[in-house]
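Enquirer: below are the sequence and a predicted model; questions follow.
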Amino acid sequence: MTDSADPVGGSAGQPAVTLPFPRTAKYGAAETEAVLAVMQEGHLSDIDRGPRIAALEDAFTTLTGAQHALSFNSGTASLHSALHGVGAGAHGGVVVSPMTWVSAITAVFQAGSYPVFCDIEPASPNLSADSLAHLPGTYSAVLATHAWGIPARMDELASATALPIVEDCSHAHGAVYRGRPVGSWGAAGCFSLQESKSVSGGEGGVMTTSNRQVYERALTLGHHPQRLQRELTLASLRPMAASGAAYKYRMPVLSAVVATEQLRGLPARMKAAEANLATLREVLASFDAPITFPVVDETSVRGWYGTPLIITLPVHDPQQLWDRLTQAKVPIRPLYEDWANVPLLQHPDLAARYWPHLAHTAYTPPSRQMLANYYRARRQMLILKIPHIPAPDYMEQVATAMASAVHRALSDS
């Protein structure tokens with residue numbers, strides 16, 4: 001450990017992170033130049049598939065290996081459209097993970113269906129194939145989130161169900177599972193370009209698929225008739241070419257050019273984050289910290305939205321652990337709200353105010369008993385923010401402070 005990494009005392013002599021979080025500007029010169037070029041052209045809206053939109057969509061087919069990519073004004077819109085594309089509906093629920101952002105749940109309502117919560121794996125933030133295989137009821141699709149950038153076990157999920165699987169790749173730009181990019185495993189993949197993501201357009205979303213029917217069905221939901229008239233080829237969808245469903249989900253051109261430039265720098269950011277995580281793991285191991293990580297095998301590559309860590313000893317007082325870590329200035333972030341327990345999901349009459357079809361479905365509020373691994377993860381899992389530029393000294397400080405805080409919190413509880 002270098003001298004520059006030695007932390008000074010925090011609360012009551014506890015080691016603390018004193019170096020600032022390493023960062024560069026979210027948007028650099030390349031993004032600025034791309035935006036200025038579009039501004040000078042004077043066309044910020046694209047009702048068809050002009051060169052700026054096409055460049056981004058083509059970049060995502062290259063990233064994922066999928067045959068088609070379709071841009072949207074948000075990741076939520078891409079989820080809604082993908083679920084519509086695969087045929088989700090009121091005849092059967094959509095299986096979802098509780099370890100996700102709320103939009104990956106409410107998009108199911110938007111698509112005319114209803115969510116059915118499925119438990120996660122014991123040592124991973126992702127859907128459990130075993131739980132999926134034994135889930136009772138009738139379903140129309142599965143929505144699998146690659147939570148916190150950890151690739152879901154797509155082959156095992158596909159073996160557990162014959163239903164179409166939509167991948168929520170919002171945390172996992174550039175991730176690979178067993179040699180194959182995320183966004184190409186399922187019937188469709190959905191990426192968010194919201195500003196906090198590792199590839200950002202400010203706002204935006206992209207759906208990828210190699211299924212032409214899924215692509216065209218998704219196209220009809222929110223894209224302009226000019227594009228529909230040019231691209232729709234299926235006889236069943238041609239009548240929609242004159243209007244589409246008119247949700248107006250098109251991506252602004254400014255978002256497209258920013259995200260295209262962001263994609264170019266993604267490999268370097270991923271490489272730096274991977275090296276930073278390796279430093280963290282090495283130092284944590286040197287302190288015998290009771291911390292492990294979800295397994296990502298040698299044929300897979302994780303994405304970088306947040307880094308999940310799992311405390312291996314029982315955490316009896318999660319708030320005390322949180323307090324210890326934040327006092328030590330460790331850059332942890334909270335897990336998402338417990339969506340399974342919020343009023344919107346627990347009270348069907350409340351949800352039906354927004355989605356009236358719900359009153360005519362088999363929707364039932366999620367049960368805590370069905371989500372044992374998820375609720376254990378809410379006690380045992382931490383999410384750490386990892387810099388996307390090289391920062392070995394900073395990561396040594398973080399690991400030292402984290403190991404001390406975890407040891408103290410567990411010994412006090």
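Expert: Perfect, I can see it now.

Enquirer: quick check: next helix or strand after the longest helix along the chain?
Expert: Across the chain, the helix with the greatest residue count (assigned by DSSP state H) is helix 253-286. Using DSSP states H and E, the next helix or strand after helix 253-286 towards the C-terminus is strand 291-292.

Enquirer: gap between that following strand and the chain center?
Expert: Counting by C-alpha atoms, centre = their mean, to the nearest Å, strand 291-292 is centred 22 Å from the centre of its parent chain.

Enquirer: packing partners for it?
Expert: strand 307-311, helix 392-412 (3 or more C-beta pairs under 8 Å, 6 or more residues apart in numbering; DSSP states H and E). C-beta coordinates here come from the backbone N, C-alpha and C atoms, glycine included.

Enquirer: please convert those to TSV, extending it with mean pLDDT and distance to residue 209.
Expert: Shown next, in TSV, are the helices and strands packed on strand 291-292 (pLDDT from 0 to 100; distance: least, C-beta to C-beta, whole Å):
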stretch	mean pLDDT	distance to residue 209
strand 307-311	97	28
helix 392-412	96	38
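
Enquirer: count the neighbours of the residue nearest to residue 395 when sequence neighbours are not counted for me.
Expert: Using C-beta to C-beta, 6 or more residues apart in numbering and skipping the chain neighbours, the partner closest in space to residue 395 is residue 279 (4.1 Å). Applying other C-beta atoms under 10 Å, we find 20 residues neighbouring residue 279.

Enquirer: for residue 240, which non-adjacent residue is spatially closest?
Expert: Nearest non-adjacent residue to residue 240 (C-beta to C-beta, 6+ apart): residue 220, at 4.5 Å.

Enquirer: got the residue ranges for the strands in this structure?
Expert: In the chain, the strands defined using DSSP state E lie at 68-72, 93-96, 115-117, 139-145, 165-168, 176-177, 180-181, 188-192, 205-209, 291-292, 307-311, 332-333, 381-384.

Enquirer: so which of the ones you listed is nearest residue 250?
Expert: With C-beta to C-beta, the closest approach to residue 250 among those belongs to strand 68-72: 7.4 Å.

Enquirer: what packs against the longest helix of the chain?
Expert: helix 29-41, helix 51-64, helix 392-412.

Enquirer: of those, flag the one that's most buried.
Expert: Greatest average neighbour count among the helices and strands packed on helix 253-286 goes to helix 392-412 (a mean of 22), per mean count of other C-beta atoms under 10 Å.

Enquirer: got the CA coordinates for that one in PDB?
Expert: Extracted in PDB, the C-alpha atoms of helix 392-412 (Å, rounded to 0.1, in the frame of the first residue of the first chain):
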ATOM      1  CA  PRO A 392      -5.400   2.800  -7.300                       C
ATOM      2  CA  ASP A 393      -4.600   5.100  -4.200                       C
ATOM      3  CA  TYR A 394      -8.300   6.000  -3.800                       C
ATOM      4  CA  MET A 395      -9.400   2.400  -4.000                       C
ATOM      5  CA  GLU A 396      -6.800   1.400  -1.400                       C
ATOM      6  CA  GLN A 397      -8.300   4.000   1.000                       C
ATOM      7  CA  VAL A 398     -11.800   2.800   0.300                       C
ATOM      8  CA  ALA A 399     -11.000  -0.800   0.900                       C
ATOM      9  CA  THR A 400      -9.100   0.000   4.100                       C
ATOM     10  CA  ALA A 401     -11.900   2.200   5.500                       C
ATOM     11  CA  MET A 402     -14.500  -0.300   4.400                       C
ATOM     12  CA  ALA A 403     -12.800  -3.300   6.000                       C
ATOM     13  CA  SER A 404     -12.500  -1.400   9.300                       C
ATOM     14  CA  ALA A 405     -16.100  -0.200   9.200                       C
ATOM     15  CA  VAL A 406     -17.500  -3.600   8.500                       C
ATOM     16  CA  HIS A 407     -15.400  -5.400  11.200                       C
ATOM     17  CA  ARG A 408     -16.400  -2.800  13.800                       C
ATOM     18  CA  ALA A 409     -20.100  -2.800  12.800                       C
ATOM     19  CA  LEU A 410     -20.300  -6.600  13.000                       C
ATOM     20  CA  SER A 411     -18.500  -6.800  16.200                       C
ATOM     21  CA  ASP A 412     -20.700  -4.200  17.800                       C
END
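
Enquirer: tell me the pLDDT of residue 209.
Expert: Here the pLDDT value assigned to residue 209 is 98.

Enquirer: contact partners for it?
Expert: 66-68, 70, 82, 85, 187-189, 215, 218 (C-beta atoms under 8 Å, 6 or more residues apart in numbering).

Enquirer: identify the bridge partners of it.
Expert: residue 68 (DSSP bridges).

Enquirer: look up how far residue 321 lies from it.
Expert: According to C-beta to C-beta, to the nearest Å, residue 209 stands 41 Å off from residue 321.

Enquirer: from residue 139, how far off is residue 360?
Expert: 17 Å.

Enquirer: ok so, going back, which among the strands of the chain is found nearest to residue 154?
Expert: With C-beta to C-beta as the measure, strand 176-177 is the member of the strands of the chain nearest residue 154 (5.5 Å).

Enquirer: from the contact counts, what lies against that closest one?
Expert: So strand 176-177, by 3+ C-beta pairs under 8 Å, 6+ apart, packs with no helix or strand.

Enquirer: can you pull the contacts of the closest residue to residue 55 other than its chain neighbours?
Expert: Nearest non-adjacent residue to residue 55, counting by C-beta to C-beta, 6+ apart: residue 260, 5.3 Å away. Contacts for residue 260 were tallied using C-beta under 8 Å, 6+ apart; they are 34, 52, 55-56, 59.

Enquirer: go through these and say which is closest to residue 90.
Expert: residue 56 (33.2 Å).

Enquirer: neighbours of the closest residue to the closest one other than its chain neighbours, how many?
Expert: Counting by C-beta to C-beta, 6+ apart, residue 256 is the residue found nearest to residue 56 once chain neighbours are left out, at 4.4 Å. Using other C-beta under 10 Å, residue 256 has 28 neighbouring residues.

Enquirer: just the buried ones from the contacts of residue 209?
Expert: Buried by 16 or more other C-beta atoms under 10 Å: 66, 68, 70, 82, 85, 187-189, 215, 218, out of those.

Enquirer: looking at these, which is nearest residue 394?
Expert: Using C-beta to C-beta, residue 189 is the member of the buried ones among the contacts of residue 209 that sits closest to residue 394, with 32.7 Å.

Enquirer: the closest one: what's it in contact with?
Expert: If you count contacts by C-beta under 8 Å, 6+ apart, residue 189 has them with 64, 66, 82, 166-167, 169, 182-183, 207-209.
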